[in-house]
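Participant: With the sequence up front, the predicted model follows.
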Amino acid sequence: MDTEPEILEIPVVPRRKSLGSAIVNALIAGLLISFFLASVSSQDRRPDEMGCVFSLAAYFGLGLTILIFGLSRQTPRPGVLRIAPDHISFQGAAPGVQVIVPLAALSVAQREGRGSGENLIFKGPGTATISAGTAFLPETHGADAILEVVRQRIALLPDGSRKLEGISARAAVAERISSGRRIVVFTVSVLLVLVFLAEIATGALAHPFLLWAFGANSFRLVLHGDLFRLATANVLHGSVLHLVFNVMVLVSLGSFLEPLLGAGRFLSLLLISALVGAAGSAFLGQHSLALGASTGIAGVFAAYAVVLWRWPDRFSNPPTRNTWISMAFAFFAGSALFFENVDHMAHLAGFLAGLAVMLPEVHKVDLVELAGRRRAWFRVIAAFLVLLFLAAGGIAIRRAGDPERDLKTAAILLYDTSLPSTLQNSAVWQVATSPAASRDHLTAALNVIERVAERAPEVVEYRDTRATVLYRLGRWEEAVRAEHAVVAVSRTPFHVSQLARFEWALVKAHGPLVLGQGPKMFPRARTATGASILVEVGDVHLPPGTTLHLVLARGNKPYALLELTTGAADRSGLLWYNLPRDPSFPMPDEVSLALVDPWRTGDPPRGETIWKLQLIEPEAARLP
């Protein structure tokens, strides 16, 4: 006579987390989320707004940390796990809190997670799921013992053997995912962070030529022979948000896939997709500046889709139509919502490469056996690809030591008509400020910047760059006139310094320049005793409001611009200016009267002559 199996009642008694772990977890979570929000909010912000952005992020992070700490210190409610002959249920301490999963409908009975976060999972149809931390179970009824009892009772069902086969297959996959190593995911993530820190340390994020020096992708440069960029561009990122987004996706998908595919296959998939994606960016997208690890991640995304499509019944959460819709949205539209200038060709090429690698690997093999299939072959491929990426990095490092690297890059990019105006201006500026630039380089640069400035005449940076190229070509009078127009609308210390340098070159070559209707005779300027500047006007008639520029130089190098505007009381005779008595201020050994502008706007000054001293900015002083 058969007997009915007894009902097992197992108490689940959660223990309060330690104070130290709760504090550490709350701090880490609060810092990461606050850092992410600050990065998002700081995009396209002015420098004077950054302090407010990061202060608000800090306050939000503090509140979030306190909230997470409070929630983590709450002890989960105890309950009773009940295993009956025909169902499994969990009865919470509060009345009415009960979840029941019939054994006949049970699809998942396994352990998930690792360490203190491991849970015993029982899942039935719909949302009926029972989860109990294995650390909260009594020693007499551990997780393995409970699972064995459940299997024995499922075996008694009419189709028990078939159900056990499916449950065991899903448990094997879950065990592989939870216990597998993630060496590639961890190593690549650390590498991406280290390279990004190097970008920050060198100021590359604000300087496109430093990004190209690091190995950023560019159609024109790759076409010129820089094939190493197809590898190096994949480890660079353009912002904190760009890095955080890519690392988050890599860790999320990679932690799932690497244990299933094996380290060699996963690394081969990642690197092949990265190379193909970078090639797609260069030759199909023909981008001038492209970078980011999303090329390889697109291939990982494709592998994830293949695994879900090939083995949909091997996971505790099988894919549904909503799953595929969400994945398609994340791949095609998700990144576009967070970033401008998304390289869709790179993503598409990387995705197709991931499909090409994975589809031949999923036939006639079970998911838990995939990691061991052709393991040696993929290790060889992965080793070769790693050496290839290291060689590319070595070439980038060697090129970075070339003192003329930026000039060579700019000389190539000058002929890239697809460059945005800002990058065209950067390329021209690089040529104009390089001492090794030839006349041919400068002539080509002038042709480019004149087209750029014509398209956007309101952008003073383009006009300043044009003036600098004219100066380097020895067309000093044109350079002075162009920079004088720039200073008229943007009187920054740098632009004033540029004007002083150009005026000095013009005076040394041809003498003073008069803008507008100048005087019949020209005043003279010289140094006087007692560290003073003397302008001898004599009988020259200078209307009130006339502007004169005096360039102070020492050792045949200008270092300051002294500007005076004549007043009604000082139209003739001597104009005297005492230089600062600061010992650190160098005394000039030469003074050049560079410019006279008798054209006036508004009412002329009624009093004495106005003097203004402007030191040449160090950035301008270093230019050739």
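Facilitator: Yep, it's here. Numbering: from 1, shown residues only.
Participant: Now do stretch 85-103: everything it contacts.
Facilitator: Here stretch 85-103 makes contact (CB atoms under 8 Å, 6 or more residues apart in numbering) with 4-5, 7, 12, 77-82, 104, 106, 122-124, 128-130, 132, 150, 153-154, 157. C-beta: built from backbone N, CA, C; applies to glycine.
Participant: Can you give me the domain assignment for this structure?
Facilitator: 19-72, 79-179, 184-400, 407-473, 507-621 (automatic domain parsing).
Participant: how about low-confidence regions in the stretch 1-150 of the chain?
Facilitator: When residues are selected by pLDDT under 70, those of the stretch 1-150 of the chain lie in 1-5, 14-22, 24-26, 29-30, 32-61, 64-65, 67-77, 93-97, 127.
Participant: for it, what spans make up the helices?
Facilitator: In the stretch 1-150 of the chain, the helices defined using DSSP state H, counting those that start in this stretch lie at 19-41, 47-72, 143-155.
Participant: Now do the same contact list for residue 620.
Facilitator: Contact partners of residue 620, counting by CB under 8 Å, 6+ apart, are 494, 497, 498, 501.
Participant: For the second one, grab the count of nearby residues.
Facilitator: This points to residue 497. Counted with other CB atoms under 10 Å, the neighbours of residue 497 add up to 24.
Participant: ok, now residue 282?
Facilitator: For residue 282, using other CB under 10 Å, the count is 27.
Participant: How many residues are close by the residue nearest to residue 565 when sequence neighbours are not counted?
Facilitator: Leaving aside its chain neighbours, residue 565 sits nearest to residue 610 (4.6 Å; criterion: CB to CB, 6 or more residues apart in numbering). When neighbours are counted by other CB under 10 Å, residue 610 registers 14.
Participant: Hmm, residue 610 is touching residue 562, no?
Facilitator: No - Residue 610 is beyond contact range of residue 562, at 11.4 Å (criterion: CB atoms under 8 Å).
Participant: picking up where we left off before, name the member of the contacts of residue 620 with the most neighbours.
Facilitator: Result: residue 498 is most packed of the contacts of residue 620 (other CB under 10 Å), 26 neighbours.
Participant: Make sure residue 593 is indeed in a strand.
Facilitator: Yes - counting by DSSP: H, G, I helix; E, B strand; the rest coil, residue 593 is located in a strand.
Participant: hang on, the earlier thing: ok, of the contacts of stretch 85-103, which come out buried?
Facilitator: By neighbour count, with 16 or more other CB atoms under 10 Å, the contacts of stretch 85-103 hold 12, 79, 81-82, 106, 122-124, 128, 130, 132, 150, 153-154 as buried.
Participant: Export the residues you listed to TSV and append columns for distance to residue 220.
Facilitator: As requested, the buried ones among the contacts of stretch 85-103 are exported to TSV (distance: CB to CB, whole Å):
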residue	distance to residue 220
12	64
79	65
81	65
82	70
106	61
122	59
123	55
124	59
128	59
130	60
132	60
150	64
153	69
154	64
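Participant: Which two among those residues are spaced furthest apart?
Facilitator: Maximum pairwise distance among these (CB to CB): 22.5 Å, between 79 and 154.
Participant: Next one, pLDDT for residue 624 please.
Facilitator: pLDDT for residue 624: 87.
Participant: Can you get me a residue count around the closest residue to it other than its chain neighbours?
Facilitator: If the residues on either side of it in the chain are set aside, residue 624 comes closest to residue 435, at 4.5 Å by CB to CB, 6+ apart. Neighbourhood size, residue 435 [other CB under 10 Å]: 10.
Participant: SS state for residue 435?
Facilitator: Applying three-state DSSP: residue 435 is coil.
Participant: What strand or helix carries the residue lying closest to residue 285 once chain neighbours are set aside?
Facilitator: Among residues not flanking residue 285 along the chain, residue 345 sits closest, at 3.6 Å (CB to CB, 6+ apart). Residue 345 belongs to helix 344-358 when elements are defined using DSSP states H and E.
Participant: Mind giving me the packing neighbours of that helix?
Facilitator: On a contact count with 3 or more CB pairs under 8 Å, 6 or more residues apart in numbering; DSSP states H and E, helix 344-358 meets helix 263-279, helix 294-310.
Participant: and it, which residues are buried?
Facilitator: 345-355, 357-358.
Participant: out of those residues, which one sits closest to residue 163?
Facilitator: Distances from residue 163 to the buried residues of helix 344-358, taken as CB to CB, are shortest for residue 358 (29.7 Å).
Participant: The closest one touches residue 270, doesn't it?
Facilitator: No - contact between residue 358 and residue 270 fails when scored by CB under 8 Å: they sit 11.7 Å apart.
Participant: Quick one: low-confidence residue ranges for the stretch 201-350 of the chain.
Facilitator: Judged by pLDDT under 70, the stretches of the stretch 201-350 of the chain that qualify are 330-340.
Participant: Serialize the helices and strands packed on helix 344-358 to TSV and add fields for mean neighbour count and distance to residue 256.
Facilitator: Listed next are those as TSV, based on neighbours: other CB atoms under 10 Å; distance: least, CB to CB, whole Å:
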stretch	mean neighbour count	distance to residue 256
helix 263-279	26	10
helix 294-310	24	7
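Participant: Just put these in TSV and tack on distance to residue 430.
Facilitator: Listed next are those as TSV, based on distance: least, CB to CB, whole Å:
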stretch	distance to residue 430
helix 263-279	24
helix 294-310	27
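Participant: Out of the ones you listed, the one nearest residue 66 is which?
Facilitator: Residue 66 lies closest to helix 294-310 among the helices and strands packed on helix 344-358, at 34.0 Å (CB to CB).
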